[in-house]
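>>> With the sequence up front, the predicted model follows.
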Amino acid sequence: MITLALSKGRIFDDIQPLLRAAGIEVLDDPDKSRKLILDTNQPDVRVLLVRATDVPTYVQYGGADIGVVGKDTLLESGSQGLYQPLDLQIAKCRISVAVRDGFDYAAAVRQGSRLKVATKYVAIARDFFATKGVHVDLIKLYGSMELAPLTGMADAIVDLVSTGNTLKANHLIEVERIMDISSHLVVNQTALKLKQVPIRKLIDAFAQAIQK
Ligand SMILES: Nc1ncnc2c1ncn2[C@@H]1O[C@H](COP(=O)(O)OP(=O)(O)OP(=O)(O)O)[C@@H](O)[C@H]1O
Ligand SMILES: O=P(O)(O)OC[C@H]1O[C@H](OP(=O)(O)OP(=O)(O)O)[C@H](O)[C@@H]1O
């Protein structure tokens, strides 16, 4: 049995074409069912639905053999002991710094001001600003980061950007791109040894499908 950990929503949706290319059809619809273990058309492949941030944990501790997770989550929460064989090139976005329209970020950086930065990505933000030599006070949030500059709680946010619509709708401007993000395949190292043939087969099928 191969157990694949996926998060509901964007990653679940975007991985479907790659699963199909590997001959795997998920039989349940996570939007219609409350089931957390989903069957597939392959009797020896099942899908676990977990929170995006929990995917590395399930794979690390062997609750799942493989998983699909954003690079942002891997960088932020660590990827200890995980084999990362493939960039799946799905759920593509970038992680950026954004400020309220009208806030002079360049001047603040130039003057060496201490910036208040709100983010879910504290580790990534700390690294980024440390490399730039910018002093920051980091405020950890779990969502709706856009509100922090709007309410005066922070000068800037570090968050994911894709179309830019969320920033635009909240009168925020992207001022720096920290890095590009996509989702990666992560594999439990013991599972890779014990179930080498089916896992390699799956990795190869995904790799081929990505190239098409
Ligand atoms: N707007 C976006 N466009 C493309 N990819 C995105 C976007 N937002 C997030 N992602 C990617 O998809 C992954 C999963 O995002 P999703 O919104 O499903 O979970 P989450 O809400 O970030 O996690 P959690 O439920 O654990 O809080 C993110 O880690 C990121 O890599
Ligand atoms: O540039 P855009 O295309 O507007 O995408 C960016 C938005 O996408 C993500 O939120 P998501 O849609 O995952 O909502 P959530 O964080 O509340 O889950 C991210 O946190 C941004 O808010």
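That came through fine. Ligands and ions are numbered 1, 2, ... in the order given.
>>> Spell out which parts of the chain neighbour ligand 2.
143, 159, 160, 161, 162, 163, 164, 165, 166 (CB under 6 Å from any ligand atom). C-betas here are computed from N, CA, C, even on glycine.
>>> The fourth one pairs with what?
Residues in a beta bridge with residue 161, per DSSP bridges, are residue 94.
>>> May I have the residues that are in contact with it?
Neighbour list for residue 161: 93, 94, 95, 96, 98, 167, 174 [criterion: CB atoms under 8 Å, 6 or more residues apart in numbering].
>>> ranges for the helices of the chain?
All helices of the chain, identified by DSSP state H, fall at 10-21, 55-60, 71-77, 105-110, 122-132, 147-150, 165-169, 189-194, 196-211.
>>> angle of the longest one against helix 10-21?
Angular relation of helix 196-211 and helix 10-21 on a 0 to 180 degree scale: 100 degrees, by axes from the mean of the first three to the mean of the last three CA atoms, to 10 degrees.
>>> got a list of what the most centrally placed residue in the chain touches?
The centroid of the chain falls nearest to residue 70 when counting by CA atoms, centre = their mean (2.3 Å). Neighbour list for residue 70: 11, 52, 91, 181, 182, 183, 184 [criterion: CB under 8 Å, 6+ apart].
>>> What of residue 174?
96, 97, 98, 161, 164, 167.
>>> So how do I select the buried members of the residues of the chain next to ligand 2 in PyMOL?
Buried residues among the residues of the chain next to ligand 2 (16 or more other CB atoms under 10 Å), as a PyMOL selection:
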select buried, resi 159+160+161+166
